[in-house]
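Novice: Turn this into a structure:
(2 chains)
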Amino acid sequence: MTVPTPTLLRIAGLTKRFGAFTAVDDVSLDLAPGEFVCLLGPSGCGKSTLLRLVAGFEAPTSGTIHLGADDLAALPAHRRPVNMMFQSYVLFPHLSVGRNVGYGLKGLGFGRGAIAERIATLLRLVRLEGFEARLPETLSGGQRQRVALARALAREPRVLLLDEPLGALDRALREETQGELRALQRRLGTSFVVVTHDAGEAMTMADRIGVMRGGRLVQIGTPADLYERPADRFVAALLGDVNLVDGRIAGRGEGAHRVEAGFGPFDVATSDRAWAEGEAVVVALRPERIDLAQADPATRLSGTVADRTYLGDRIRYGVRLSDGTLIRVMRPAASAFVPGDTVAVDIDPRAAAILPP
Amino acid sequence: MTPRPRLLRLLPVLPFLWLGAFFLLPVLITLKISLSEPATAQPPYLPVLDWSTGPQGWAHFLEALDFANYETLANDSLYRDAALSSLSLAAVATLILALVGTPIAHAMARAPAKVQPVLVALVIVPFWTSFLIRIYAWIAILKPEGLLSAGLMRLGLVDRPLEILGTQAAVLVGLTYAYLPFLVLPLYAVMAKADPRLREAAADLGASPTRVFWTVTLPLARHGLVAGALLCFIPMVGEFIVPDLLGGSDTLMLGRVLWSEFFSNRDWPLASAVAILLLVIVVGPIVVFREAETRRGEAAR
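Specialist: Below is the predicted model of the structure:
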């Protein structure tokens, strides 16, 4: 079904311990050429350490890192054909913008003229023409971010590692830069591995997202995979708003599981995993995938609108179900239920996911 | 309202009062003595200002001051040679200190965080022993029948005792030894503060450890190196104990000249003139250097 893609970067069984603390725990990850992968997780989940292992600033406790056929772990940092854009940029404060960008071009066999030309090209790429002679301290946060990007791209790395590349920018600039970064990556065809703690940022930019927690890679997949079929409640809650409902498998039908929750039974489309009857589970329900309708006696599930929040483009309802469970439901702004209304709650079997408790 | 804030407002003035009382005033007194002439009296110079003589006496006093001692300094080649020799010895010693101290400071800054306080303590530990005793120890090491010669002869590297004691080489050894902490500590302080990720960024961009040192570590520690070098250079120009104990009779340094003018010849005015000369040749270049640094820093902005 899937076309086998060549692997550019292959991380296998990678583990890094600092004393008794395991920062990266048995992580395996393949990166295709030209792929944009985001490593997403809360601070301290090991995502930055994973990046530092690939860059060569930390030595793995066990496991392997290969770039193509080369064993990266055997090379010191300055010999690895990967580059890193550091969190908060770490520009050389004593060097001009031009010399920061050109720092990595020494020793590649370029002449002086070729280096100057390449610096000019890179600065044009990040829209910083004419800033060559400025010192980093005279630049704004957004400009520094672009200098750091140009510096990291100078050696045309096969894989670019970016540690919270947008973390130090304010909100408006961050959203603008997300698109730019993605467009730039497409244009250059360089593989990007971006570390971020911002799920929205990861969803916007990444081909695939790897969710990390406690040093482990919990799940990796396309944004849609992770959103629709999260591996556990941690991943489900990390990517957007979600209702987590406790239940028990009541039966298995054609292509679906019947789940019995406190407020009644409902169907959930079967994913790759089969669940045993009677097993305790959690069902993840996305608020925008739940439909509300006028109550009619034929509906299986009904509830009472408890609150209503107008969000401009949408309206968020709190709906109290028969057993007292409060679920959040997101509907278009045109919907006109008011608190106190009795409503029929329709759960799309394909829009729910069964998770381990 | 309450008297306390007013007292607090006086606080910033205190350092200036201190400097005025214990630095500026003594320098002015020295300057005055340098403009006097020696006399067989108590104090051994003339004129002496007598406040009770009134304005006329004060005018007499001012008339009696002249620059005769400075003319002596300018005309007698002894003083010029001593000044040049002091400056060049101090400059060479500063260079050696930079070459020896920079790797030490670098290694200290790169040592595990837990070990660093121990290393700093080890650098400071010699200060627990008197400076004089430590220089005497060097005599024991450097003298022809001393530790160094005996050791080298035992190893078969030399066949007769080295003639080091009493030469400029011994003075350089002594100066380097005595002033090393003053170079290492400020340099270490700056190097330890540098963001280690800057070195990582340089390595990430393909720089070998050598290139990282020359293009990132050292340029970023420049201020520490300059501060340390000045901290060593300034007192070394006027150093007296090391050249007196380790140097030979031909080791001419201003500190020694000053000492002999003051104590042997009891020529306070000439000794004061030498002291003022020392102050000018040491402080002058530093003021110029600082000015240039400040202007360069502003130009880069």
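Novice: can you count the residues close to B:Tyr45?
Specialist: 21 (other CB atoms under 10 Å in any protein chain shown). Glycine gets a C-beta too; all of them are placed from N, C-alpha and C.
Novice: which one is it nearest to, not counting chain neighbours?
Specialist: B:Ser36 (4.2 Å; CB to CB, 6 or more residues apart in numbering or on different chains).
Novice: And the chain, split by domain according to the record?
Specialist: Picking chain A for this. A:9-237, A:241-355 (automatic domain parsing).
Novice: could you do chain B instead?
Specialist: Taken from automatic domain parsing, chain B resolves into B:1-32, B:35-66, B:78-300.
Novice: any idea which helix or strand carries the spatially most central residue of chain B?
Specialist: Closest to where the C-alpha atoms of chain B average out (CA atoms, centre = their mean) is B:Pro235, at 1.7 Å. B:Pro235 is part of helix B:222-237, with elements assigned from DSSP states H and E.
Novice: elements contacting that helix?
Specialist: Here helix B:222-237 touches helix B:77-110, helix B:168-193, helix B:268-300, going by 3 or more CB pairs under 8 Å, 6 or more residues apart in numbering or on different chains; DSSP states H and E.
Novice: Mean neighbour count, these: which tops it?
Specialist: helix B:168-193 (a mean of 22; mean count of other CB atoms under 10 Å in any protein chain shown).
Novice: starting at the chain centroid, how far to that one?
Specialist: 11 Å (CA atoms, centre = their mean, to the nearest Å).
Novice: and that helix with chain A, contact?
Specialist: No: shown here: helix B:168-193 not in contact with chain A (CB under 8 Å from any CB of the partner chain), separated by at least 12.4 Å.
Novice: sorry, back to before: how about the domains of chain A, which one is nearest chain B?
Specialist: When the domains of chain A are compared by CB to the nearest CB, domain A:9-237 sits nearest chain B, at 3.3 Å.
Novice: Do the closest one and chain B come into contact?
Specialist: Yes: under the criterion of CB under 8 Å from any CB, chain B is reached by domain A:9-237 at A:55-57, A:76-79, A:83-84, A:86, A:90, A:92-94, A:103-104, A:106-108, A:135, A:137-138, A:151, A:154-155.
Novice: Please flag which of those residues sit within strands.
Specialist: Taking DSSP state E as the definition of strands, the residues of domain A:9-237 next to chain B contribute A:83-84.
Novice: sorry, back to before: any idea which of the domains of chain A scores lowest on pLDDT?
Specialist: Of all the domains of chain A, mean pLDDT reaches its minimum on domain A:241-355 (a mean of 88).
Novice: What is the linear distance spanned by that one between its boundary residues?
Specialist: Using CA to CA, to the nearest Å, one end of domain A:241-355 lies 16 Å from the other.
Novice: Can I get the helix holding B:Pro235 as CSV, trimmed to CA atoms?
Specialist: Taking Å, rounded to 0.1, in the frame of the first residue of the first chain, the C-alpha atoms of helix B:222-237 are listed here in CSV:
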residue,chain,number,x,y,z
ARG,B,222,39.3,39.1,25.1
HIS,B,223,38.2,41.4,27.9
GLY,B,224,39.3,39.0,30.6
LEU,B,225,42.7,38.6,28.9
VAL,B,226,43.2,42.4,28.7
ALA,B,227,42.1,42.9,32.3
GLY,B,228,44.5,40.2,33.5
ALA,B,229,47.4,41.5,31.4
LEU,B,230,47.0,45.0,32.8
LEU,B,231,46.6,43.6,36.3
CYS,B,232,50.0,42.0,35.8
PHE,B,233,51.8,44.6,33.6
ILE,B,234,51.2,47.6,35.8
PRO,B,235,52.7,46.3,39.1
MET,B,236,55.4,44.4,37.2
VAL,B,237,56.8,47.7,35.7
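Novice: gap between the following helix or strand past it and the chain center?
Specialist: Downstream of helix B:222-237, the next assigned helix or strand under DSSP H and E is helix B:241-246. On the basis of CA atoms, centre = their mean, helix B:241-246 sits 15 Å off its chain's mean C-alpha point.
Novice: Using CSV, lay out the domains of chain A together with mean neighbour count and distance to B:Ser85.
Specialist: Below are the domains of chain A laid out as CSV (neighbours: other CB atoms under 10 Å in any protein chain shown; distance: least, CB to CB, whole Å):
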stretch, mean neighbour count, distance to B:Ser85
domain A:9-237, 19, 36
domain A:241-355, 16, 81
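Novice: Now do the contacts for the residue nearest to A:Pro42 when sequence neighbours are not counted.
Specialist: Nearest non-adjacent residue to A:Pro42, counting by CB to CB, 6+ apart: A:His197, 6.1 Å away. Neighbouring residues of A:His197 by CB atoms under 8 Å, 6 or more residues apart in numbering or on different chains: A:40-43, A:164, A:167.
Novice: In strands, which of those fall?
Specialist: A:Leu40.
Novice: From the rest of the structure, what touches whichever helix or strand A:Arg252 is part of?
Specialist: Per DSSP H and E: A:Arg252 is located in strand A:243-253. Here strand A:243-253 makes contact (CB under 8 Å, 6+ apart) with A:233, A:236-237, A:257-262, A:265, A:267, A:270, A:274-287, A:290, A:325, A:327-328, A:354-355, A:357.
Novice: repeat that with 6 Å
Specialist: For strand A:243-253, the surrounding residues in contact (CB atoms under 6 Å, 6 or more residues apart in numbering or on different chains) are A:233, A:257-261, A:265, A:275, A:277, A:279-285, A:327-328.
Novice: separation between the residue nearest to B:Tyr45 and chain A?
Specialist: 50 Å (CB to the nearest CB, to the nearest Å).
Novice: That residue: neighbouring residues, count only.
Specialist: Other residues close to B:Ser36 by other CB under 10 Å number 24.
Novice: swap in B:Thr53?
Specialist: Using other CB under 10 Å, B:Thr53 is surrounded by 12 other residues.
Novice: who's in contact with residue 264?
Specialist: This is for chain A. A:Leu301.
Novice: Report the secondary structure state of A:Leu217.
Specialist: strand (DSSP: H, G, I helix; E, B strand; the rest coil).
Novice: Could you double-check that it sits in contact with A:Gly210?
Specialist: Yes: A:Leu217 is within contact range of A:Gly210, at 5.4 Å (criterion: CB atoms under 6 Å).
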